[in-house]
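Visitor: Compute the structure for the input listed below.
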Amino acid sequence: MIEGIRAIASEEIGVVRVDEVLTMHMGPEFVLVNLSIDFEDRLDAGAIERTVRAIDLGIKQRYPNVKRVFAEAEAPAGELGEQTGNVSVE
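Guide: All right, here's what the predicted structure looks like:
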């Protein structure tokens, strides 16, 4: 499942890299997914929102038990003058 989710996210235009894929199985019919994604710097907020929505739909179509998908837009470490530069986007 994790490799399939990584592949779905990686195939979207504007995704540079999928860093982390975490799943939490809340029960047999409920899976929560958290992704850490590095997007192309040229993308504006609207493009990132559309990409996250496409990833969300792609994951839920392939894995119907996935009920929630959260994506973190992640800047490479040090880019923002911090150890990590995560911004959460749902």
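
Visitor: by contact count, what packs against the helix ranked longest in the chain?
Guide: Assignment by DSSP state H gives helix 45-62 as the longest helix of the chain. Contacts defined by 3 or more CB pairs under 8 Å, 6 or more residues apart in numbering; DSSP states H and E place helix 45-62 against helix 2-10, strand 30-39, strand 66-75, strand 85-89. All C-beta spots, glycine's among them, are computed from the backbone N, C-alpha and C.

Visitor: excluding its backbone neighbours, what's nearest residue 10?
Guide: residue 18 (5.2 Å; CB to CB, 6 or more residues apart in numbering).

Visitor: re the thing from before, just the residues contacting the longest helix of the chain, thanks.
Guide: 4-5, 8-9, 11-15, 33, 35, 37, 39, 43, 66-67, 69, 71, 73, 89-90 (CB atoms under 8 Å, 6 or more residues apart in numbering).

Visitor: Compute the inter-axis angle for it and strand 66-75.
Guide: 150 degrees (axes from the mean of the first three to the mean of the last three CA atoms, to 10 degrees).

Visitor: Any buried residues in helix 45-62, and which?
Guide: 48, 51-52, 54-56, 58-60 (16 or more other CB atoms under 10 Å).

Visitor: how much does it deviate in direction from strand 30-39?
Guide: 140 degrees.

Visitor: Show me the longest strand that occurs in the chain.
Guide: If you go by DSSP state E, the chain has its longest strand at strand 15-27.

Visitor: That strand - contacts with which helices or strands?
Guide: Under the contact criterion of 3+ CB pairs under 8 Å, 6+ apart, strand 15-27 touches helix 2-10, strand 30-39.

Visitor: can we see that at 10 Å?
Guide: Judged by 3 or more CB pairs under 10 Å, 6 or more residues apart in numbering; DSSP states H and E, strand 15-27 is in contact with helix 2-10, strand 30-39, helix 45-62, strand 66-75.

Visitor: Format those as JSON lines; extra columns: mean pLDDT and distance to residue 24.
Guide: Output for those, formatted as JSON lines (pLDDT from 0 to 100; distance: least, CB to CB, whole Å):
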{"stretch": "helix 2-10", "mean pLDDT": "97", "distance to residue 24": "12"}
{"stretch": "strand 30-39", "mean pLDDT": "97", "distance to residue 24": "4"}
{"stretch": "helix 45-62", "mean pLDDT": "97", "distance to residue 24": "14"}
{"stretch": "strand 66-75", "mean pLDDT": "93", "distance to residue 24": "9"}
